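[1] model this:
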Amino acid sequence: MIDHTARAFDTELGELIRKIREMSDMDAKQIEGAIEAFGKHDLALARQVIALDEQVDALQQDIEEEAIVTMARRQPMAVDLREIVGAVRISYDLERIGDFAENIAKRVMLIEDLHVNEVTLNLEHMAQLVLDQLAHVIQSYEHRDAAAALDVWQKDQQIDIINNSLFRELLTYMMGNPSTIAFCTHVLFCAKNLERMGDHVTNIAETVHYIVVGHPLRAERPKADITSKSTLALL
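    I've put the predicted structure just below:
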């Protein structure tokens, strides 16, 4: 590309990167709000989380549209093309993370009796791991750090392990006290949504690796989730 075209492309790419960061910040706000709303049974906060999802969706659409225009105008190749395609892929995963946070917020509307105990504390711990992984993977994207992205990719099992532990705890609670079944079922749904967020964070890590290195990760994705294999899994 000639110099002014290269500068224009860099400007357009910079805008995509900025919007990816904005989406990830909104996702983090949604996750934090959803878990707080669940723990406190705060209906007003839950509604705020649900409303924020429309902004996340709008940003994803903006990114996709801008990427299409940039590809048509600049006709990028090699790493430049990977940058554009990668931004679209990442925006999709961020949009899905927002959807899962919205799902948790919607659960708040369905809860009648709140049981605050170590189970809900474990849910908060799981959410914090997702938030940490999301922050790290977006940093790896902004710095084009394939090694940092690979580190996030390898740590997805940590979220799965907590999900497995929480799953067992909830089954124990329900068997020991049938009156907790309704609440524990809601927690199961929330935990599964967090586990799926972790999967999308891992998708982003794979995309960052692809952008930087030029080929997809060929190793099998590390997974430790056992809940989806159970007949009692709810999602």
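
[2] Run through this structure and note the low-pLDDT ranges.
    The chain contains residues with pLDDT under 70 at 1-5, 113-118, 224, 226-235.

[3] ok, which stretches of it are helices?
    Secondary structure of the chain (DSSP state H): helices at 3-40, 43-74, 78-108, 118-142, 146-154, 156-176, 181-213.

[4] of all those, which lies closest to K223?
    helix 156-176 (6.1 Å; C-beta to C-beta). (Each C-beta comes from the backbone N, C-alpha and C, glycine too.)

[5] Pull out the buried residues from that closest one.
    Neighbour-count burial for helix 156-176 flags 156-160, 162-164, 166-167, 169-170, 173-174 (criterion: 16 or more other C-beta atoms under 10 Å).

[6] Any chance of TSV for those residues, columns distance to A72?
    Below are the buried residues of helix 156-176 laid out as TSV (distance: C-beta to C-beta, whole Å):
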residue	distance to A72
D156	35
Q157	41
Q158	41
I159	38
D160	40
I162	44
N163	42
N164	46
L166	47
F167	47
E169	52
L170	50
Y173	55
M174	55
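
[7] ok, T70 - contacts?
    Going by C-beta atoms under 8 Å, 6 or more residues apart in numbering, T70 touches 9, 12-13, 16, 76, 84.

[8] out of the buried residues of helix 156-176, what pair is the most spread apart?
    Maximum distance among the buried residues of helix 156-176 (C-beta to C-beta): 27.1 Å, for D156 and M174.

[9] Let me have the helices of the chain in TSV, extended by distance to D225.
    Output for the helices of the chain, formatted as TSV (distance: least, C-beta to C-beta, whole Å):
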stretch	distance to D225
helix 3-40	19
helix 43-74	25
helix 78-108	15
helix 118-142	12
helix 146-154	15
helix 156-176	4
helix 181-213	6
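
[10] Nearest approach to P222 belongs to which of those helices?
    Per C-beta to C-beta, nearest to P222 of the helices of the chain: helix 156-176, 5.1 Å.

[11] Return the distance of the closest one from the chain's centre.
    Chain-centre distance of helix 156-176: 20 Å, with C-alpha atoms, centre = their mean, to the nearest Å.

[12] That helix vs helix 118-142, what angle?
    160 degrees (axes from the mean of the first three to the mean of the last three C-alpha atoms, to 10 degrees).

[13] What lies in contact with helix 156-176?
    Residues contacting helix 156-176 (C-beta under 8 Å, 6+ apart): 118-119, 122-123, 125-126, 129-130, 133, 180-181, 184, 187-188, 191-192, 194-195, 198-199, 201-202, 221-227, 230, 232.

[14] can I get the CA coordinates of it in CSV?
    Coordinates of each C-alpha in helix 156-176 appear next as CSV, following Å, rounded to 0.1, in the frame of the first residue of the first chain:
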residue,chain,number,x,y,z
ASP,A,156,-9.6,-22.2,30.6
GLN,A,157,-9.6,-25.4,32.7
GLN,A,158,-9.5,-23.4,35.8
ILE,A,159,-13.0,-22.1,35.1
ASP,A,160,-14.1,-25.6,34.2
ILE,A,161,-12.8,-27.0,37.5
ILE,A,162,-14.7,-24.5,39.6
ASN,A,163,-17.8,-25.2,37.5
ASN,A,164,-17.4,-29.0,38.2
SER,A,165,-17.0,-28.4,41.9
LEU,A,166,-20.0,-26.1,42.1
PHE,A,167,-22.0,-28.6,40.2
ARG,A,168,-21.3,-31.3,42.7
GLU,A,169,-22.0,-29.0,45.6
LEU,A,170,-25.3,-28.0,44.2
LEU,A,171,-26.4,-31.6,43.7
THR,A,172,-25.5,-32.3,47.4
TYR,A,173,-27.5,-29.3,48.5
MET,A,174,-30.5,-30.4,46.5
MET,A,175,-30.4,-34.0,47.7
GLY,A,176,-30.0,-33.0,51.3
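
[15] Sounds good, over and out.
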